[in-house]
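Undergrad: Curious how this folds, go ahead:
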Amino acid sequence: MASVLAAAPRRLLEAARALARRHRSRRPPPATSLVPRPHPWLDALGMVGVVLLGAWLGLLIVGDVRVPVGPMDTTMTLRPSLTGGTKINVSPLGALRLDSHQAPVRLDVNVDQLDPVRAQALVDHPERLSGLQQEVTHDVEHGTLDLAVRSCVAVVFGATALGLVVYRRPRRALTAGGLALALLTASGTTAYATWNPASVLEPRFSGLLSSAPSLVGNARSIVTEFDVYQQELARLVTNVTKLYDATSTLPAYEPDPTTIRVLHVSDIHLNPASWKIIASLARQYRVNVIVDSGDTMDHGTAAENGFLDPVEDLGAPYVWVRGNHDSRTTQRYLERMKNVHVLDDGRAITLAGLRFAGIGDPQFTPDRSSAPGGARAEELAGARLASALSDQKAAGTPVDIAIAHEPTAARETDGEVPLVLAGHLHRETMEVMPYGTRLRIEGSTGGSGLRAVEDDDPDPIEASILYLDRDTRRLQAWDEIKLGGLGLTAAEVTRHLPRENQPGAHPTPAPRDRSGTPRTPAP
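TA: Numbering: from 1, shown residues only. All right, here's what the predicted structure looks like:
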């Protein structure tokens, strides 16, 4: 009996536990279990949105770094971007864009103001200019390091704060901050891996800076003085300082005296605004020769001839070849004008130390009374031009630049001339053909003419400045100039270097004709 009484408390305790378990099993499930859980991919998509938005807000709010660079005060910022690159804002003059890297972040550098004390110190002590490049390099490196640290803090803070607001759970918020830091680290690694120090040699200008090509030096200095990125960046900062020092007047463009400058225009198509643009470019760049690769007219009628009268006052010799919208009537009118040199049937002429030869387009498409000859006619015209170039070379007067309107005809000169110019396509391209001849196809300097009003988006007005060495007569660099079409006021200038002039490149061998004979410049 005593043993039974001693075991009673233990049995009661076990019964109570069993009853509690039975009671818990009969409870209804908590209310939260009634709400369906979201799909995992929706949850992940929401997290990605929080990370991206939070990182962007963080950079926007606390991601700026103020850095003194030489005599200027600048602000550096990282911004999300699909194309990457670097944008340098020189308010109020405009902006420069550099294809410095390929990553989902862009480096924005705002030139806020010129510090009068530091600028005056350079004026009072000009010997300090010799050390300006090293000073600027140090300032940029220091600012970039500060920007990297500030950006890491900004994206982590922004993503974590937004994650805390959205999820209200510290662990989820910290996960968002960690993902944002990983994203910025990956973007920085990609930018470092794709970094292109030569991008400073080929900037794109916009705003008033598009009328200041001296900002990065002339063609000869670009070719010979691009040793390292830091030196070019210092040159950029130094020249921006000169821009501010000039107050309201942009500095005059001082071209290298040994460089020959050729302005290439094409496909004006009766746009009267083109003449003022061409005259302005000829004056600003002090071009030696203007080359028009045809389609100056639309219908080639005698009634249109008065449109050509401004050609005599453009300030430089005007070399012209007939396009498929230019008639023989147009050609005869131009042949009677002073300062105009019409090239046809392989005729050659020497201007400003360069030898030009060209051929008119064999087709006149506005004339519906006869069927056009098509590509075969263009190939035959190109073959005649190539034959004329070969004859000039045999006579000891090789041609430096050939001109044809249609690219099909221009391609037939491959191997006979270093450079051939064409148009017709209304879009600019530059390529080196198999036998070494460089083909430059110009866009429409008339923005496709008055017909552009038929389209929703107006075509840009395009032209280019070609820089050629006076001794070798080889292309050193070229500027692509693009202006807004009808109703637009945008301006952009992009500088390019041939591949053989890029840093570390080996000189390209002289073009060879189709027989394999090297083509060498005349003495």
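Undergrad: the strands in the stretch 301-450 of the chain, which residues?
TA: All strands of the stretch 301-450 of the chain, identified by DSSP state E, counting those that start in this stretch, fall at 318-320, 340-342, 347-351, 354-359, 401-404, 419-422, 429-432, 438-441.
Undergrad: hey, which of those strands is tucked in deepest?
TA: Highest mean neighbour count among the strands of the stretch 301-450 of the chain (mean count of other C-beta atoms under 10 Å): strand 401-404, with a mean of 30. All C-beta spots, glycine's among them, are computed from the backbone N, C-alpha and C.
Undergrad: Can you tell me the strand partners of that one and which way each runs?
TA: Strand 401-404 sits in its sheet next to strand 354-359 (parallel), strand 419-422 (parallel), going by DSSP bridges.
Undergrad: ok so, going back, which one, of the strands of the stretch 301-450 of the chain, ends up nearest to residue 155?
TA: Minimum separation from residue 155 across those (C-beta to C-beta) falls at strand 429-432, 39.9 Å.
Undergrad: Show me what the closest one packs onto, helices and strands only.
TA: Applying 3 or more C-beta pairs under 8 Å, 6 or more residues apart in numbering; DSSP states H and E, we find strand 429-432 packed against strand 438-441.
Undergrad: Quick check: mean pLDDT of the strand it packs on?
TA: Mean pLDDT, computed over strand 438-441, is 98.
Undergrad: Stretch 270-279 now?
TA: 87.
Undergrad: With only the CA atoms kept, save it in PDB.
TA: Output of stretch 270-279 as PDB, limited to C-alpha atoms (Å, rounded to 0.1, in the frame of the first residue of the first chain):
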ATOM      1  CA  LEU A 270      19.800  71.500-100.300                       C
ATOM      2  CA  ASN A 271      19.900  72.300 -96.600                       C
ATOM      3  CA  PRO A 272      20.700  76.000 -96.500                       C
ATOM      4  CA  ALA A 273      21.900  75.800 -92.800                       C
ATOM      5  CA  SER A 274      24.800  73.700 -93.900                       C
ATOM      6  CA  TRP A 275      26.800  76.500 -95.400                       C
ATOM      7  CA  LYS A 276      26.900  78.500 -92.200                       C
ATOM      8  CA  ILE A 277      27.900  75.300 -90.300                       C
ATOM      9  CA  ILE A 278      30.700  74.600 -92.800                       C
ATOM     10  CA  ALA A 279      31.900  78.200 -92.800                       C
END
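Undergrad: quick one: residue 279 and residue 314 touch, right?
TA: Yes. Shown here, residue 279 and residue 314 form a contact pair, counting by C-beta atoms under 8 Å, at 5.2 Å.
Undergrad: neighbour count winner among the two?
TA: Taking other C-beta atoms under 10 Å, residue 279 and residue 314 do not tie; residue 314 has more neighbours (21 against 17).
Undergrad: What count of nearby residues applies to residue 301?
TA: Counted with other C-beta under 10 Å, residue 301 comes out at 12.
Undergrad: and it, what is it in contact with?
TA: 327, 329 (C-beta atoms under 8 Å, 6 or more residues apart in numbering).
Undergrad: begin at 50 from here
TA: Let's use 50 as the start, then, which means that last one is residue 350.
Undergrad: rewinding a little: for the strands paired with strand 450-453, which one sits closest to residue 547?
TA: Once those are compared by C-beta to C-beta, strand 468-471 is nearest, at 10.2 Å.
Undergrad: Quick check: pLDDT value at residue 95.
TA: pLDDT at residue 95 comes out at 83.
Undergrad: that's a helix at it, yeah?
TA: Yes. Under DSSP: H, G, I helix; E, B strand; the rest coil, residue 95 falls within a helix.
Undergrad: quick one, what contacts it?
TA: Contacts of residue 95 by C-beta under 8 Å, 6+ apart are residue 215.
Undergrad: Please tell me how far it sits from residue 221.
TA: 10 Å (C-beta to C-beta, to the nearest Å).
Undergrad: Tell me how many other residues crowd residue 115.
TA: Count around residue 115 with other C-beta under 10 Å applied: 12.
Undergrad: Ignore what I typed, I meant residue 116.
TA: Count around residue 116 with other C-beta under 10 Å applied: 18.
Undergrad: give me the beta-bridge partners of it?
TA: Residue 116 has these beta-bridge partners by DSSP bridges: residue 123.
Undergrad: How confident was the prediction at it?
TA: 81.
Undergrad: same thing with residue 192?
TA: 80.
Undergrad: ok, now which ones touch the closest residue in space to it that isn't next to it in sequence?
TA: Sequence neighbours aside, residue 116 is the residue nearest to residue 192 in space, at 3.2 Å (criterion: C-beta to C-beta, 6 or more residues apart in numbering). Residue 116 is in contact with 122-125, 188-189, 191-192, 195-196, counting by C-beta under 8 Å, 6+ apart.
Undergrad: repeat for residue 358
TA: Residue 358 neighbours (C-beta under 8 Å, 6+ apart): none.
Undergrad: For residue 383, see how far away it is.
TA: Separation of residue 358 from residue 383 (C-beta to C-beta): 11 Å.
Undergrad: Which parts of this protein are helices?
TA: With DSSP state H, the ranges of helices along the chain come out as 51-75, 89-111, 165-173, 181-216, 219-242, 268-273, 278-294, 322-334, 377-384, 423-443, 456-459.
Undergrad: May I see the buried residues of the longest one?
TA: The one in question is helix 181-216. 181-182, 184-186, 188-189, 192, 196, 199-201, 203-213, 215-216 (16 or more other C-beta atoms under 10 Å).
Undergrad: now the second one
TA: Buried positions in helix 89-111, judged by neighbour count with 16+ other C-beta under 10 Å: 96, 99-108.
Undergrad: a markdown table for these, including distance to residue 243?
TA: Below are these laid out as a markdown table (distance: C-beta to C-beta, whole Å):
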| residue | distance to residue 243 |
| --- | --- |
| 96 | 27 |
| 99 | 28 |
| 100 | 23 |
| 101 | 21 |
| 102 | 26 |
| 103 | 26 |
| 104 | 20 |
| 105 | 22 |
| 106 | 26 |
| 107 | 24 |
| 108 | 20 |
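Undergrad: Any idea which of the strands paired with strand 450-453 gets closest to residue 437?
TA: strand 403-408 (6.0 Å).
Undergrad: which residues are in contact with that closest one?
TA: Counting by C-beta under 8 Å, 6+ apart, 309, 311, 337-338, 340, 368, 370, 390, 392-399, 430-431, 433-434, 437-438, 441, 446-453, 458, 466, 517, 522 sit against strand 403-408.
Undergrad: Now do that strand and strand 396-400, the angle between them.
TA: 150 degrees (axes from the mean of the first three to the mean of the last three C-alpha atoms, to 10 degrees).
Undergrad: and strand 403-408, C-alpha only, in PDB?
TA: Output of strand 403-408 as PDB, limited to C-alpha atoms (Å, rounded to 0.1, in the frame of the first residue of the first chain):
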ATOM      1  CA  LEU A 403      48.000  67.000-100.500                       C
ATOM      2  CA  ARG A 404      47.300  65.200-103.700                       C
ATOM      3  CA  PHE A 405      43.600  64.600-104.400                       C
ATOM      4  CA  ALA A 406      41.900  62.500-107.100                       C
ATOM      5  CA  GLY A 407      38.200  61.700-107.600                       C
ATOM      6  CA  ILE A 408      35.400  60.500-109.800                       C
END
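Undergrad: Appreciated, that's everything.
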